[in-house]
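# Here is a sequence with its predicted model. Questions after.
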Amino acid sequence: MLSETEIKRNKLQKKILVVLLILCLITPIGIMLPAYFNAGDAWGEWSAQTVKELVGYVPAGLAKYSDIWKAPLPDYDVKNADRSLIHKSGYYIVSGIAGSTITYVVMLLISKLIVRNGK
Amino acid sequence: MHIPDGYLSPQTYIPLFGVFVSAAAIAVKKVKNEVYARNIPYLGMAAAFSFIIMMFNLPIPGGTTGHAVGSAVIAIIFGPWAALLAVSVAIIIQALIFGDGGITAIGANCFNMAVFMPFTAYYIFKLFSKNNARKSRMSFASFIAGYLSLVLAAILTAVEFGIQPLIASAPDGKALYCPYDLSIAVPAMAIEHMLLFGIVEGIITAIIVNYFLKTEPTLIYAFRNRDKKE
């Protein structure tokens, strides 16, 4: 038998997971709003090409290091021919679910390894 | 606020990586005893929350984008040391898998958003809540903690960008890394976070702290020692 506090805790945790899932499903807001309001990159997160347009040259260090890492899913997207907002939104949701699930599992494992307070 | 590769010189990102690793090592020791085993699932959820909330890019119309981080609310509810680990995991996954934030800048990004921000938020919350249990006071303290911690973290990030032309320029005067100096970076990042992203971080912090205050007040780390003489 679970105690009353345990039941309450399980209920709260389930609720949080549902909220997290809903957040994943509405993440495309995070690409649609900027598109609608014609807003571009975050400050300081421009590509080397964009920096060249902004200041007239690509700083040597930036040119050397900007592509040092090839992420499997850059910008929460799969680069293919279809650039429509609908397709981007689909990949954004998939990235959100995959990324948050991996983050959840990694943090859970790390916590399990660390925490020694059995209360 | 995710600094990409190539914007920071090694003189900047190597020390920041060192500071981050040291802070994370202390966090591991702290979390070992501070967190109750039954609350482990919450830490996973906190990390996932931070990951997702950072995907909600918000626009400055016709300008740049930015987002909330979630560090403030995690620090208030689960403590700044647990927040340090949770948000770091989110930032490292973002860098490795999604290319959001650079590999060389992992230490800097974790330092700004996962070390500096949660501690700033936590102490601002303590300062403004003054152990006062009134709901309006709690909402106010949570909002201010979220708002200020994000704005200050953005300014810290801007300083890291802005010192690059000073410390790393080619002989011809051209910047090697971030080309903008402090006079441009700091106002740009401070203003956008003061006008929009900080407000969103503040509102999220207030809503969630409020909810936990109603449903699981005993869980809240910031109140743990409230009734004890400190």
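That came in fine, so what should we check first?
# So, low pLDDT: which residues of chain A?
Filtered on pLDDT under 70, chain A yields the residue ranges A:1, A:81, A:119.
# Swap in 90 and give it another go.
Low-confidence segments of chain A (pLDDT under 90): A:1-10, A:40, A:75, A:77-87, A:116-119.
# How is it divided into domains?
Chain A breaks down by automatic domain parsing into domains covering A:1-37+A:74-119, A:41-68.
# in chain A, which spans are helices?
Listed in chain order, the helices of chain A (DSSP state H) span residues A:4-25, A:29-36, A:48-55, A:60-65, A:85-114.
# Turn those into a markdown table, including distance to B:Leu150 and mean neighbour count.
C-beta coordinates here come from the backbone N, C-alpha and C atoms, glycine included. Output for those, formatted as a markdown table (distance: least, CB to CB, whole Å; neighbours: other CB atoms under 10 Å in any protein chain shown):
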| stretch | distance to B:Leu150 | mean neighbour count |
| --- | --- | --- |
| helix A:4-25 | 18 | 14 |
| helix A:29-36 | 16 | 17 |
| helix A:48-55 | 24 | 14 |
| helix A:60-65 | 26 | 20 |
| helix A:85-114 | 20 | 19 |
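# and the strand or helix carrying B:Thr205, which residues are buried?
Assessed by DSSP states H and E, B:Thr205 sits inside helix B:198-215. Within helix B:198-215, the residues that qualify as buried by neighbour count (16 or more other CB atoms under 10 Å in any protein chain shown) are B:198-206, B:208-209, B:211-213.
# What mean pLDDT does it get?
Per-residue confidence for helix B:198-215 averages out to 96 on the pLDDT scale.
# Run through who's touching that helix.
Outside helix B:198-215, the residues that touch it by CB atoms under 8 Å, 6 or more residues apart in numbering or on different chains are A:8, A:12, B:53, B:58, B:67-70, B:72-73, B:76-77, B:121, B:135, B:138-140, B:142-151, B:154, B:219-220.
# Now do it against helix A:4-25, angle only.
160 degrees (axes from the mean of the first three to the mean of the last three CA atoms, to 10 degrees).
# Would you mind giving both backbone torsions of B:Cys178?
The phi and psi torsions at B:Cys178 (degrees, to the nearest 10) take the values phi -60, psi 120.
# Also B:Pro59?
phi -90, psi 140.
# show me what contacts it?
Neighbour list for B:Pro59: A:Leu33, A:Pro34, A:Tyr36, A:Phe37, A:Asn38, A:Ala39, B:Thr65 [criterion: CB under 8 Å, 6+ apart].
# Include distance to B:Leu182 when you put those residues into CSV, please.
CSV is the format used below for these (distance: CB to CB, whole Å):
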residue, distance to B:Leu182
A:Leu33, 30
A:Pro34, 27
A:Tyr36, 32
A:Phe37, 28
A:Asn38, 28
A:Ala39, 24
B:Thr65, 22
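# now, which of those sits nearest A:Ala48?
B:Thr65 (18.9 Å; CB to CB).
# and that closest one, bridged to which residues?
Listed beta-bridge partners, B:Thr65: A:Ala42, B:Pro59 (assigned using DSSP bridges).
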